[in-house]
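A.B. asks: here is the input, now give the coordinates:
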Amino acid sequence: QVQLVESGGGLVQAGGSLRLSCAASGRTFSNYAVAWFRRAPGKEREFVAAISWSYGGTTIYADSVKGRFTISRDNAKNTVYLEMNSLKPEDTAVYYCAARRTTVVKTPSYDYWGQGTQVTVSS
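C.D. replies: Purely as a prediction, here's the structure:
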């Protein structure tokens with residue numbers, strides 16, 4: 001079992017930056033691929049970014065955040081980060097991290113999910 005806790009959300013003006021953290025406890029987090037998803041009010045859950053389990057491994061991004069968001073991980077700290085720059089009002093959503101034992105995918109087929117952290121970008 002893996003428990004995930006997101007933090008770092010908040011209110012920011014358009015063009016600003018935030019860094020989200022996803023802290024894991026339970027089993028060895030380094031063996032898991034981790035992704036960020038988001039859900040905006042009235043919209044479906046949307047893939048944001050994912051990173052494979054190994055250092056220097058695969059990262060994938062949604063087209064809507066490519067070049068603005070960066071996903072990274074520190075296995076020693078059992079934490080995955082999402083650095084978000086040049087934020088736009090349309091990035092407003094609850095952001096969730098998720099983990100799975102196998103390869104990174106853009107579909108929400110992850111085994112473990114956090115409770116989410118709210119990101120609000122004002123115009």
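A.B. asks: ranges for the strands of the protein?
C.D. replies: Taking DSSP state E to define them, one finds strands in the chain at 2-7, 10-13, 18-26, 33-39, 46-51, 59-61, 69-74, 79-84, 93-100, 112-113, 117-122.
A.B. asks: export those as TSV, with columns for mean neighbour count, distance to Lys106 and mean pLDDT.
C.D. replies: The C-beta positions use only the backbone N, C-alpha and C, and glycine is treated the same way. As requested, the strands of the chain are arranged in TSV below (neighbours: other Cβ atoms under 10 Å; distance: least, Cβ to Cβ, whole Å; pLDDT from 0 to 100):
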stretch	mean neighbour count	distance to Lys106	mean pLDDT
strand 2-7	18	18	94
strand 10-13	13	25	98
strand 18-26	18	17	93
strand 33-39	24	8	96
strand 46-51	23	4	97
strand 59-61	16	7	95
strand 69-74	19	13	94
strand 79-84	22	15	96
strand 93-100	23	11	96
strand 112-113	17	15	95
strand 117-122	17	20	98
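A.B. asks: which residue sits closest to the residue positioned nearest the centre of the chain, ignoring its sequence neighbours?
C.D. replies: Centroid-nearest residue in the chain: Trp36, 2.6 Å away (criterion: Cα atoms, centre = their mean). Spatial nearest neighbour of Trp36, excluding adjacent residues (Cβ to Cβ, 6 or more residues apart in numbering): Val48 at 4.2 Å.
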